[in-house]
Structures are given as C-alpha cells and as structure tokens.
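Chemist: quick one, fold the following:
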Amino acid sequence: MFVRLQVARTEKQLDDVFALRYMVYVAERGKFSGDTSNEKKIVDRYDAMPNVANIVAYYGDTAIASMRINKDSPIGLPAEEYFDFSPIRTELEQQSLEQHVRRPVLVSGSMLAIHKEWRNKRNVIFALFKTAAGVMHDWEATHIIGSISEETLSLYGRIGFDTVDEPTWNEHVKDTLVPILAPFERVFDWAYGDISRKMAPFWLDNFCGKFERLLLPPGSVIFSQNDMAENAYAIDEGWVSISRTDREGNEMVLANLSRGELFGELALFDNEPRSATSTAISNVGLIVLNKRYLLDMIRDHPEKLIQLLTHFSKRVRALDELAMVQAFAPQTNRVMFALNQLWRSAVVDRKNPGLRVAKVGPAQIAKSAQIREHDVLAVLESEKVKGTLEYGKNSVRFFSMPSKIQ
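Modeler: All right, here's what the predicted structure looks like:
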C-alpha cells in the first residue's frame, strides 16, 4: 500500500483534516482542549480565509498527516496569534524598497498534525512540506513565518528556517513555541532544487501548486503496459524502472530513472494505452500531475504549447537512439550505452559533488542492455580498473563519466 498526498478539496477530505487535528492535539496531547466542540474537530477562522490550503496525506483511506498553509490576509497569519511579527514585516518592507525588489508576500504554515504511528517517518513529513512549497510557489510567496513547537525546531532548521526570538511558554496551547522565518527561495530550493536542475522549467513553472505526491515501497507497480493514462510522474526520491513486454512475454528494460526524471507524459495526449510498465526499484517518492491540469493549461495558454513540443521532441530523439543501439550495436556498446545513461541519471552525492550514485545493480543493467549479466560484469570490471566506477549487487558509484561508446 502507498501514501498519497494532496491538497484537500472535498468536504470529506477537509473533515478528515479537522478530525486528525483533534486526535493529535486534543485527544493525544491535551492541547486546545478549551477551544473544541463536541464534534471532535479543530477549526478556526484561518480555515475560512480565501487563500488557505490544507495538505493531507492518506494511507489507504486513513488520513495520517496534515498541515495548513495561509497566504497573508487582512487578519494576518496564524503565526501572529502567538508572536508579534510586525518588526519582521517592517524590516522586510524596508529591504524591498532599498533593494528595488517586489514587496514581500508572507505565508504561514500551521496545524501540523501527524498520526503517532507515522511521526518518525521523515519521508511523510517532508513530503507534506514539499507539497506545501508547491502551493506557496503558485502564491508567489517571498517569506514564510511560523510559530512552532520547540520540539520540532531541528526539523524546520533542516528545511531552511531561522529562529527570530526566544522560545516562550504559551499557556493557551500548553506548549513552548518558537517564532521562525525563512526566505521562500531557500525552502523552495530544498524542496525542488535538485529536481529543477533536471526537469524542464515548463513543468514546475506551470504545475507546481497542483502536484500530488505518492510514496511507494520497492516493487510497487506505478502503471502497467496497456493501462489508460491519467497521470504523468516525476521522481523526487528513489529509482523507477521502465520496461516493455513483447508478445512472446520477453521483458525489455527501457530505462532506469532517478530523481528529476519525468515519465508517463507521452500517453496523456494520444488516448492510447500505456506502451510500457513502470515499477519502483527502491523506496520511491513521486510527484504526480493529473492529465486534466495539463489539458486545461494548454487550452488556457496555447502560447506555451511550443515548450511542450520541445520537451516531446527531445524525448522522441532519446527513444530513437535507444532503439538504434538495441537493434544494431554490439554487446559491449549496449552495456556502455546503458552505463552512460545511468551516469546521467545517477544522483550527485551532496557531500562529494564528484561522486554519482545509482541504486541499480548488474542484473538490472543487463536487462536494460538486453544481454547476459556475465557480459555486463566484464564491462563493469573493465571500468573499475580504469577508475571510473565501483559497483555492488544493487548499486554503481561513478567517479567520472564511463568510457565513450566505440
């Protein structure tokens, strides 16, 4: 089973969010106990403001995590219920005047509620924050403020927040709160930086606030050959295999994809069944774009169609190159082609930018190259002697680009 994250849009989804808040804050932790009704929900005036979004994560049909985000409004932001952010507002306004940049647009996150069984699952919590960052991007936010529990400070520090005052005990919520601030571009770079360096700007610029997310375990089938297409996908974390089965039942691995790679988008336009199967090789975090958003954008902004055609032309050229190699190249060149493709998609190590890591082993490379694993191992050993890589059963570590195809 997988975890799905989205912006709550239906009455049921919102009810699930409000009930989860009650369960976490009141029933479990004894907070806000004087503010709730017999309905066992937590709702306040900020849930009724025009620019509000509640991100909710589901495991099956159960809501397991949620958080609320608000854009600045005439009544201020939820964070300002507990701290005076007016000096920060004044300072940011002054900076915008002095630096001749646009006026600050503040947003705030609040009501983070995580079911206790999922509280140590950082991938779920970070997926919440990344989904929220996409909506804030559409709101053209410049800064994010918050009043958070002191016990979560290290979590927010990893994302890019700084404290702006000392922790203070708040009797109303019965917790020690800390005011925090972050430039939005810093948080957005944390959420989408690596992806934006690999994906065409077209996708983030136009759909960032509409993305849903999926968290899947290894072996999960994302879609199958001959399925009808409703979504396109981009990889946020992990590896995905794209494969095709012929009429005789022979499987050919077309590609092993990593962070920032987009797939499944070609089938959104021709109303034909999927031509391949996609499978999670490792634990995978996916960004999901629904077909209707893509078609709505093209209808409303036909001038952007040229960007989409450019993307598709590059994809078609890559498929032509793969077909030529599979059809005519000798076995060694097939392996080298697969290795070069793997090197391009491998994840750059943050501590050592000269190192790239691919969570794919010789057996999967053999499937991709359509040759025996023994022949793949021979090429890998040759490249290892040259010092371009090291490999194990389930990974390849690249120190430099593999040798060119002869």
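Chemist: how about stretch 217-226: buried residues?
Modeler: Buried positions in stretch 217-226, judged by neighbour count with 16 or more other C-beta atoms under 10 Å: 220, 222-223. For glycine as for every other residue, the C-beta is placed from the backbone atoms N, C-alpha and C.
Chemist: next one: stretch 202-214
Modeler: By neighbour count on 16+ other C-beta under 10 Å, the buried set for stretch 202-214 is 202-204, 206-214.
Chemist: for stretch 154-169, same thing?
Modeler: Neighbour-count burial for stretch 154-169, counted by 16+ other C-beta under 10 Å, picks out 155-156, 159-161, 165.
Chemist: state the distance from the residue nearest to the spatial centre of the chain to Asn283.
Modeler: Nearest to the mean C-alpha position of the chain, by C-alpha atoms, centre = their mean, lies Asp236 at 4.3 Å. With distances taken as C-beta to C-beta, to the nearest Å, Asp236 is found 11 Å from Asn283.
Chemist: also Arg45?
Modeler: Distance of Arg45 to Asn283, computed by C-beta to C-beta: 39 Å.
Chemist: and those two? Which one has more around it.
Modeler: Counted by other C-beta atoms under 10 Å, Arg45 and Asn283 do not tie: Asn283 has more neighbours, with 15 against 10.
Chemist: can you give me the helices for this structure?
Modeler: Applying DSSP state H to the chain gives helices spanning 11-21, 86-99, 122-138, 153-159, 184-196, 201-207, 267-270, 291-300, 305-328, 331-345, 362-369, 373-386.
Chemist: the first one packs against which elements?
Modeler: If I follow you right, that is helix 11-21. Where contact means 3 or more C-beta pairs under 8 Å, 6 or more residues apart in numbering; DSSP states H and E, helix 11-21 is packed against strand 52-59, strand 62-71, strand 106-114.
Chemist: make CSV from those strands and add distance to His172 to it.
Modeler: Converted to CSV, those look like this (distance: least, C-beta to C-beta, whole Å):
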stretch, distance to His172
strand 52-59, 21
strand 62-71, 18
strand 106-114, 14
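Chemist: how does the protein divide into domains?
Modeler: The chain breaks down into these domains under automatic domain parsing: 3-197, 213-328, 331-398.
Chemist: mean pLDDT added to those, as TSV?
Modeler: As requested, these are exported to TSV (pLDDT from 0 to 100):
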stretch	mean pLDDT
domain 3-197	92
domain 213-328	79
domain 331-398	81
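Chemist: name the nearest residue to Ser395, sequence neighbours excluded.
Modeler: In space, and not counting its chain neighbours, Ser395 is closest to Lys359: 5.3 Å by C-beta to C-beta, 6 or more residues apart in numbering.
Chemist: how far away is that neighbour from Val288?
Modeler: In terms of C-beta to C-beta, Lys359 sits 21 Å off from Val288.
Chemist: using JSON lines, lay out the helices of the chain together with distance to Lys40.
Modeler: Shown next, in JSON lines, are the helices of the chain (distance: least, C-beta to C-beta, whole Å):
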{"stretch": "helix 11-21", "distance to Lys40": "6"}
{"stretch": "helix 86-99", "distance to Lys40": "35"}
{"stretch": "helix 122-138", "distance to Lys40": "22"}
{"stretch": "helix 153-159", "distance to Lys40": "27"}
{"stretch": "helix 184-196", "distance to Lys40": "33"}
{"stretch": "helix 201-207", "distance to Lys40": "36"}
{"stretch": "helix 267-270", "distance to Lys40": "41"}
{"stretch": "helix 291-300", "distance to Lys40": "34"}
{"stretch": "helix 305-328", "distance to Lys40": "47"}
{"stretch": "helix 331-345", "distance to Lys40": "47"}
{"stretch": "helix 362-369", "distance to Lys40": "49"}
{"stretch": "helix 373-386", "distance to Lys40": "57"}
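Chemist: quick one: which of those helices is nearest Asn51?
Modeler: helix 122-138 (9.5 Å; C-beta to C-beta).
Chemist: tell me the buried residues in the closest one?
Modeler: Within helix 122-138, judged by 16+ other C-beta under 10 Å, the buried ones are 123-137.
Chemist: of the helices of the chain, which is nearest Ile64?
Modeler: When these are compared by C-beta to C-beta, helix 122-138 sits nearest Ile64, at 7.0 Å.
Chemist: what lies in contact with the closest one?
Modeler: 3, 5-7, 53, 55, 57, 64-67, 69, 107, 109, 112, 114, 118, 144, 155, 159, 184, 187-188, 190-192, 204, 208-213, 215, 236-237, 283, 285 (C-beta atoms under 8 Å, 6 or more residues apart in numbering).
Chemist: cool, thanks, signing off.
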